[in-house]
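Undergrad: based on what follows, work out the 3D shape:
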Amino acid sequence: MSDQSFDPDEIGRMHGEEPPPTVPRLANNSAAYREAHAAETKATLVFHSAAELVARTPSAPPWLVPGYVARGAITEVVGKVKAAGKTTLALAMCRAIIRGEQFAGLATERTGVVYLTEQPDASFREGLSRAGLSDVEEFRTLPWYAAVGVPWEVVVEQSVVECSRSGAGLLVVDTLPQWAGIRGDGENNAGEALRAVVPLQVAAGVHGLAVLSIRHSRKSGGDVGDDGRGSSAFAGTADIVLSLRRPEGQAEPNIRVLHGLSRFSDTPDSFVLKLTPDGYEALGDETALAIEAAKSRLLDLAPVSAENALTSDELLHRAQVKRTSGQAAIGALRETGRLARLGDGKRGSPYRYWAPQSFLPDAHP
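TA: Below you'll find the model as predicted:
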């Protein structure tokens with residue numbers, strides 16, 4: 001494919017979009033890039049049968065983080081600007097991968113990381129410090145300001161070279177529109193989105209790297225795969241799309257829900273994470289999160305004496321907890337002894353619940 005045949009505006013028109021009026025585009029002026037595309041036009045394409053493809057392809061992708069990051073695949077992470085914690089999540093994954101440690105209970109494959117950051121040195125240094133990456137040689141980084149004026153395709157080419165040189169299996173782009181030089185309404189143009197993603201597809205598909213691409217979500221939100229800011233072509237080319245969000249309702253400020261949409265069956269629909277000083281802790285799915293929140297509310301509002309014990313309906317009403325998660329929370333609290341039960345569970349003697357003070361940090365009146 002020549003540079004002339006890859007026209008972002010024309011692709012945008014094919015998607016029913018009008019090109020942005022004044023969006024600067026970076027020319028594909030890398031000699032290696034032009035030569036590679038010239039060679040493609042003369043190459044003989046080799047087709048394979050489904051049986052041949054299955055025979056040469058592993059039954060499961062080579063995961064770096066099971067369900068989320070794999071060699072030869074692109075993972076996109078979307079979240080609110082400076083609110084969701086996208087970079088915090090990415091750096092925590094990087095630390096676990098570099099050390100070969102678990103990430104939120106998930107085993108990782110050890111490898112190095114090349115990280116393209118849009119942040120200036122001062123703020124990124126702070127993030128590296130919080131993630132425990134300050135003195136890690138296997139973490140290679142390039143700040144956006146150091147690549148100003150360099151075509152995006154060339155940046156990716158040199159990043160692939162750096163991955164090969166340093167033995168890194170993961171390339172992180174934070175954030176993709178910033179690095180790809182997309183300005184203004186350009187994010188809404190499918191052609192611009194595809195121009196940004198194509199080099200990453202080459203990095204993953206040709207060079208076998210795991211690619212983690214980060215974008216901001218739109219203000220109005222949306223379903224997973226549709227909540228990213230700009231054209232849906234960004235998410236459409238990713239193999240795994242993750243939406244990092246704060247949970248609904250009352251929850252601790254350090255809890256996030258990672259919603260997933262994936263071409264792989266190993267990716268959960270939702271995964272609840274809690275950020276602790278030691279890293280991310282897995283809390284399960286959103287049902288588990290609702291039960292954890294219900295347990296906290298019930299303990300906070302349960303009577304602390306047997307004389308004032310309440311029925312389950314009374315306790316759930318006082319705590320404003322839904323019945324399904326509330327009943328599960330009551331059962332879990334009883335198993336650990338944090339809620340005690342009175343009564344026979346019969347008419348005239350219903351089960352009633354209270355919280356023994358010995359299990360509470362502060363006694364309730």
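Undergrad: could you list the low-pLDDT ranges of the stretch 1-150 of the chain?
TA: Of all residues in the stretch 1-150 of the chain, those with pLDDT under 70 make up the ranges 1-41.
Undergrad: if we use 80, what do you get?
TA: For the stretch 1-150 of the chain, residues meeting the criterion pLDDT under 80 lie at 1-43.
Undergrad: helices of that one, start to end?
TA: Counting by DSSP state H, counting those that start in this stretch, the segments of the stretch 1-150 of the chain that form helices are 8-14, 31-42, 50-56, 86-99, 121-131.
Undergrad: same check, this time on the stretch 201-350 of the chain
TA: Using DSSP H, counting those that start in this stretch, the helices of the stretch 201-350 of the chain run over 233-237, 286-301, 312-319, 323-335.
Undergrad: measure Leu299 to Leu116 for me?
TA: Using Cβ to Cβ, to the nearest Å, Leu299 is found at 45 Å from Leu116. Any C-beta I mention is one placed from the backbone N, CA and C, and that applies to glycine too.
Undergrad: who has more neighbours out of the two?
TA: Leu116 (24 against 18; other Cβ atoms under 10 Å).
Undergrad: pretty sure that one sits against Leu170.
TA: No: at 11.5 Å, Leu116 and Leu170 do not qualify as touching, with contact defined as Cβ atoms under 8 Å.
Undergrad: pLDDT at the nearest residue to Arg318 once chain neighbours are set aside, what is it?
TA: Spatial nearest neighbour of Arg318, chain neighbours left out: Leu301 (5.1 Å); criterion: Cβ to Cβ, 6 or more residues apart in numbering. Per-residue pLDDT puts Leu301 at 92.
Undergrad: Leu301 touches Leu316, doesn't it?
TA: No: in this structure, Leu301 is not within contact of Leu316 by Cβ under 8 Å, at 9.9 Å.
Undergrad: more crowded one of these two?
TA: Taking neighbours as other Cβ under 10 Å, Leu301 and Leu316 compare with Leu316 leading, 23 against 16.
Undergrad: enumerate every residue touching the closest residue to that one other than its chain neighbours.
TA: Closest residue in space to Leu316, ignoring its immediate chain neighbours: Gly326 at 4.3 Å, by Cβ to Cβ, 6+ apart. For Gly326, the contact set (Cβ atoms under 8 Å, 6 or more residues apart in numbering) comprises 294, 298, 312, 315-316, 319.
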